[in-house]
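# here is a sequence with its predicted model. Questions after.
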Amino acid sequence: MTDETPDELSGTLLDEQNLLTIAEISRICAVQTEYIVELVEEGLIAPEKPPEVITGKDEPHAWRFTGTHIRQARIASHLQSDLGVNLPGVALALQLLDEVETLRARLEAMEAMSGR
C-alpha cells in the first residue's frame, strides 16, 4: 500500500446569485464563446445584463450567466453534438424541459398540501 491520498474534488455551487462571465460559462460547458453567443442571439438563453449594458452597446463580455444558463447551454450542446438536433429543435426541447420542471414542482407542492 502507498501513503498517497485520494484526489480531492473541489467546486463552486452555482445558483442564481453567482454570476459568471461568457469565458467562464464557455469553459464550464466545454464550448467556444462563439457557441454561447449563438445561443444568446437565437434566444435560447438570455444572460443577465448590467444596467450600463441595457442602456448602451450590448457586448458579450458584459453578459453574466447563472447556473440555469449553464444547464441550458450544456443541454443545448449535448442535443446538437450527440443527437444532431438543430437550434429550433434545441429551443423546443429546452422549452419542454422547463415546462416539465414547472409541472413537477407544482405536483410536489400539491402533494405536500394534501399530506402525501
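Structure received.
# use CA for all of it now, contacts and neighbours both
Noted.
# which elements pack onto the strand or helix carrying Thr68?
Following DSSP states H and E, one finds Thr68 within helix 67-83. Judged by 3 or more CA pairs under 8 Å, 6 or more residues apart in numbering; DSSP states H and E, helix 67-83 is in contact with helix 22-29, helix 87-114.
# return the most buried member of those.
When those are scored by mean count of other CA atoms under 10 Å, the highest mean neighbour count falls to helix 22-29 (a mean of 18).
# so what touches that helix?
Identification of contacts with helix 22-29 by CA atoms under 8 Å, 6 or more residues apart in numbering yields Gln32, Thr33, Ile36, Pro60, His61, Trp63, Arg64, Phe65, Ile70, Ala73, Arg74.
# at 10 Å instead, please
Outside helix 22-29, the residues that touch it by CA atoms under 10 Å, 6 or more residues apart in numbering are 19-21, 30-37, 47, 60-67, 69-75, 77-78.
# next: stretch 34-41.
22-23, 25-26, 29, 33, 42-47, 60, 63, 69-70, 72-73, 76-77, 87, 90-91.
# again, 6 Å this time
Outside of stretch 34-41, the residues within contact range by CA atoms under 6 Å, 6 or more residues apart in numbering are Ile45, Ala46.
# what comes up buried for that stretch?
Ile36, Val37, Leu39, Val40 (16 or more other CA atoms under 10 Å).
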